[in-house]
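Q: what's the 3D shape of this:
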Amino acid sequence: MYNPLYHKNPVGAVASGEVFEIVFPVPSGWGAYGAAFIVLYPGGGESKFPLTLLKEADGEKFFGGSAVVNGEGIYQYRFEAYADYGVLFFGRGVDGTAVKGNFLPMWQLTVTKRGFKTPDFAKGGVIYHIFADRFNRGDKADCKDGKPDCNDDRADCKDGNAKFNGGNKADFKKEGVFHKDWKESPVVAEPDEVYLANDFFGGNFAGIIEKLDYLRSLSTDVIYLSPIFESFSNHRYDTGDYLKIDALLGDEADFALLIDEAKKRGMEIMLDGVFNHTGSDSLYFNKRGTYPSLGAYQSPESPYADWYYFEKFPDDYKCWWGITVVPTVNKDAPGYRELIFGTGGVIDKWMRAGVKGWRLDVADELPEDFVFELRREIKKRDRDCLIIGEVWEDASVKISYGTMRPYLLGAQLDGVMNYPFREAVLRYAAGGAAYDFVCAVTPVAEHYPKHCLDASMTLIGTHDTVRALTALAGVSGENMSKRQKSRFKLSESRYKLGIKRLKLATVLQYTLPGIPSIYYGDEAGVQGFEDPMNRVPYPWGGEDAELIDFYRALGKLRTGNKRIFSGGLRFIRTDLHGVDFPGRDGAARVIYGGAGTHVFAGTASLNTPGLNVALAFERYSESGSIAVYANSSDTTVSVYLPDCVNALTGEKISAGAAPLPPYGFVIVSV
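A: Residues are numbered from 1 along each chain as shown. Below you'll find the predicted structure:
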């Protein structure tokens, strides 16, 4: 039956006013003599496009035709087929394939702005996500060797405790704990305690520069930095001054050197844009009186007074998720918009410095017109600058504050942090069903513009999630205190299990559409529960070297096949007698296309041994194809392979049944 990944061209969204093609297969035995493609409009009404018989082969009639939709938005569509005995109605099954019946769910048709394109420089590559304070402490740090410049007499900073003034590189004081020992654990706080996030390890730009060759060895194309602007906390999502580098990281000269040295190695820098809120300890709010400015907290006469929402001045104000150290900004305030968008402002200053991308923190908290203007200002300075939004759901139909957001329609984002893929990957790698994986991945590929999906982050871990290795090892911290979680280490057996599953998850991450994004240390075997346990320092000298080599091999595979990994996706057979998820019309069947790889439309029974855990899909382009076969179970299963070559080892494989060990996989060139 019809599958939107195989029978619609282009796959994914279509452009307003541009013709696209549809093929609709119907079993010959149903006696259909005609068919139609029906598009339903968001505000009501529909258009019906006739489909004519193209051919009849292998027990099916293939009806096809073209269609065009004018106007950006989210549409729905369905099919009808016509036989002498009446009209056959078709809707969308859970896995995306067509199902015959009345009053069924419809498919989504995303229609974008005509001419909408996304930057190509990162597609087919790798993103490396650095939590700046925890990656590496370089020699040019103000706090090098664990001895920060202190504002008291304790020059040796005994016990790692000090108040820092950042030397001569900043005019504000950092208060908190400085970890002299890089291997210490971050400070944690229990639910009934106050967590200030003000313990620092001193990771900095100099440290990143020292490790650029390492990053490039992982085939990194984009270095995504957590916030780098002056802030009170170690995470720096509480911006103190958007126009200043945080002194613990370095200064503008250090940042310029980082950009320059990265570019020499073929890598670009993407910054974290935190525009929904500032810090309460900031030039603009100034709750602690740290800055010489008259902050909004200090007086209604402050030039920043209209930047914030006060219910009752000064202590009752709107803040992000009720967290008082990050007061929400009024994004309509003219002064704030001038700071972000104006000449010499945030976008202008840092893009002139050489920044090539922006990740928008909590994008769904930003007003629609703010994101429109943000894109205009970024793209007028560099059309190839990448804009990625933090959106946790299907971004094509994300509803925020009662409004569906037009993120991917051509005037806002280039891509998103693809959390739906993360959930699908981790669930499958931990023993999930292949059918569920297909059902989770297909809607994203079906709904997004392909060039947006190719520009999105494919991730399995971030600063906001439990470390992938810990999540996949099958342990739960549900009954642990924060301090117990902080001290927790996986047992040897759990670590081995987690590594097996992590490798499987990483294979999927690197071969699905999108840009694989490594959260620093995942490639080294870093463990950890939720924030702040997931933000431990990178374990230099204690890395899992074999795991790093595995990541390098996958990076090399992507680097050598960028066109393929920017190409199409389709799920393929795992067995001569069927495929890997349950069908609705009985026997399995096969169609052919693209590079000639077997692709499925029907399916086998869930009761077929191995087929519900065996997953296979193909990435293809005009230059060739690469197929991935995977096993999510704790037992060996067999899959059917064609004549092919192991894409990681170069070993030739003859056609036939091949065993996949528990949580095993094989990547082949077909």
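Q: can you give me the end-to-end distance of stretch 402-422?
A: End-to-end distance of stretch 402-422 (Cα to Cα, to the nearest Å): 26 Å.
Q: now stretch 38-45
A: 10 Å.
Q: Please identify the buried residues of it?
A: Residues of stretch 38-45 classed as buried by neighbour count (16 or more other Cβ atoms under 10 Å): Ile38, Val39. Bear in mind the C-beta positions are built from the backbone N, C-alpha and C, glycine included.
Q: Run through who's touching it.
A: For stretch 38-45, contacts defined as Cβ atoms under 8 Å, 6 or more residues apart in numbering pick out 46-49, 67, 69, 73-80, 106, 109.
Q: what does stretch 518-527 give?
A: With Cβ under 8 Å, 6+ apart as the test, stretch 518-527 has contacts from 126-131, 134-135, 218, 220, 459-463, 467-470, 473, 488-490, 495, 499, 502, 536, 538-539, 542-544, 547-548, 551.
Q: Of these, which belong to helices?
A: Ala468, Leu469, Thr470, Tyr495, Ile499, Leu502, Leu547, Ile548, Tyr551 (DSSP state H).
Q: Distance to Leu53 for those - can I get that in TSV?
A: Output for the ones in helices among the contacts of stretch 518-527, formatted as TSV (distance: Cβ to Cβ, whole Å):
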residue	distance to Leu53
Ala468	49
Leu469	53
Thr470	55
Tyr495	58
Ile499	53
Leu502	49
Leu547	54
Ile548	55
Tyr551	50
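Q: Now render the residues you listed as CSV, adding distance to Leu512 and neighbour count.
A: Converted to CSV, the ones in helices among the contacts of stretch 518-527 look like this (distance: Cβ to Cβ, whole Å; neighbours: other Cβ atoms under 10 Å):
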residue, distance to Leu512, neighbour count
Ala468, 15, 29
Leu469, 19, 27
Thr470, 22, 28
Tyr495, 25, 18
Ile499, 20, 20
Leu502, 16, 30
Leu547, 20, 18
Ile548, 21, 16
Tyr551, 16, 22
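Q: Just the buried subset of the contacts of stretch 38-45, please.
A: Using 16+ other Cβ under 10 Å as the burial test, the contacts of stretch 38-45 include 49, 67, 69, 73-80, 106, 109 as buried.
Q: Just the helices from the protein, written as ranges.
A: So, for the chain - with DSSP H - the helices run 205-210, 212-217, 252-264, 334-341, 346-352, 368-381, 419-429, 434-447, 450-454, 468-472, 482-487, 492-511, 545-559, 562-565.
Q: how about a markdown table for those helices, with mean pLDDT and distance to Val670 added?
A: Shown next, in a markdown table, are the helices of the chain (pLDDT from 0 to 100; distance: least, Cβ to Cβ, whole Å):
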| stretch | mean pLDDT | distance to Val670 |
| --- | --- | --- |
| helix 205-210 | 98 | 39 |
| helix 212-217 | 98 | 28 |
| helix 252-264 | 98 | 35 |
| helix 334-341 | 98 | 48 |
| helix 346-352 | 98 | 42 |
| helix 368-381 | 98 | 38 |
| helix 419-429 | 98 | 22 |
| helix 434-447 | 96 | 19 |
| helix 450-454 | 98 | 21 |
| helix 468-472 | 98 | 28 |
| helix 482-487 | 97 | 44 |
| helix 492-511 | 98 | 13 |
| helix 545-559 | 98 | 14 |
| helix 562-565 | 95 | 10 |
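Q: Which stretch among those is buried most, on average?
A: Among the helices of the chain, helix 468-472 has the highest mean neighbour count (mean count of other Cβ atoms under 10 Å), at a mean of 27.
Q: Which neighbouring elements make contact with that one?
A: helix 419-429, helix 492-511 (3 or more Cβ pairs under 8 Å, 6 or more residues apart in numbering; DSSP states H and E).
Q: just the angle between the last one and helix 434-447, please?
A: Angular relation of helix 492-511 and helix 434-447 on a 0 to 180 degree scale: 30 degrees, by axes from the mean of the first three to the mean of the last three Cα atoms, to 10 degrees.
Q: packing partners for helix 492-511?
A: For helix 492-511, the elements it packs on are helix 419-429, strand 457-459, helix 468-472, strand 515-519, helix 545-559, strand 624-631, strand 665-669, judged by 3+ Cβ pairs under 8 Å, 6+ apart.
Q: Switch those over to JSON lines; also include distance to Tyr6.
A: Shown next, in JSON lines, are the helices and strands packed on helix 492-511 (distance: least, Cβ to Cβ, whole Å):
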{"stretch": "helix 419-429", "distance to Tyr6": "19"}
{"stretch": "strand 457-459", "distance to Tyr6": "21"}
{"stretch": "helix 468-472", "distance to Tyr6": "31"}
{"stretch": "strand 515-519", "distance to Tyr6": "24"}
{"stretch": "helix 545-559", "distance to Tyr6": "24"}
{"stretch": "strand 624-631", "distance to Tyr6": "14"}
{"stretch": "strand 665-669", "distance to Tyr6": "20"}
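Q: all strands for the stretch 101-250 of the chain, in order.
A: Here the stretch 101-250 of the chain has its strands, by DSSP state E, counting those that start in this stretch, at 107-112, 127-130, 161-164, 174-178, 199-200, 222-225, 229-231, 239-245.
Q: buried sites along the fourth one?
A: By that I understand strand 174-178. For strand 174-178, using 16+ other Cβ under 10 Å, the buried residues are Lys174, Gly176, Val177, Phe178.
Q: Which secondary structure element of the protein has the lowest mean pLDDT?
A: strand 590-593 (a mean of 25; mean pLDDT, DSSP states H and E).
Q: ok so, going back, nearest to Tyr663, of the helices of the chain?
A: Nearest of the helices of the chain to Tyr663, taken as Cβ to Cβ: helix 492-511 at 4.3 Å.
Q: Just the angle for that closest one relative to strand 624-631, thanks.
A: Per the same axes, to 10 degrees, the angle that helix 492-511 makes with strand 624-631 is 150 degrees.
Q: Centre of the chain to helix 492-511, how far?
A: 18 Å (Cα atoms, centre = their mean, to the nearest Å).
Q: ok, Thr118 touching Gly415?
A: Yes. Counting by Cβ atoms under 8 Å, Gly415 is a contact partner of Thr118 at 6.6 Å.
Q: so what sits against both of these two?
A: Common neighbours of Thr118 and Gly415 (Cβ under 8 Å, 6+ apart) are Leu386, Cys452, Asp454, Ala455.
Q: so can I have a markdown table of those residues showing distance to Phe370?
A: Shown next, in a markdown table, are these (distance: Cβ to Cβ, whole Å):
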| residue | distance to Phe370 |
| --- | --- |
| Leu386 | 19 |
| Cys452 | 20 |
| Asp454 | 26 |
| Ala455 | 21 |
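Q: Buried only: go through the contacts of stretch 518-527 for me.
A: With neighbours counted by 16+ other Cβ under 10 Å, the contacts of stretch 518-527 contain buried members at 126-131, 134-135, 218, 220, 459-463, 467-470, 473, 490, 495, 499, 502, 536, 538, 544, 547-548, 551.
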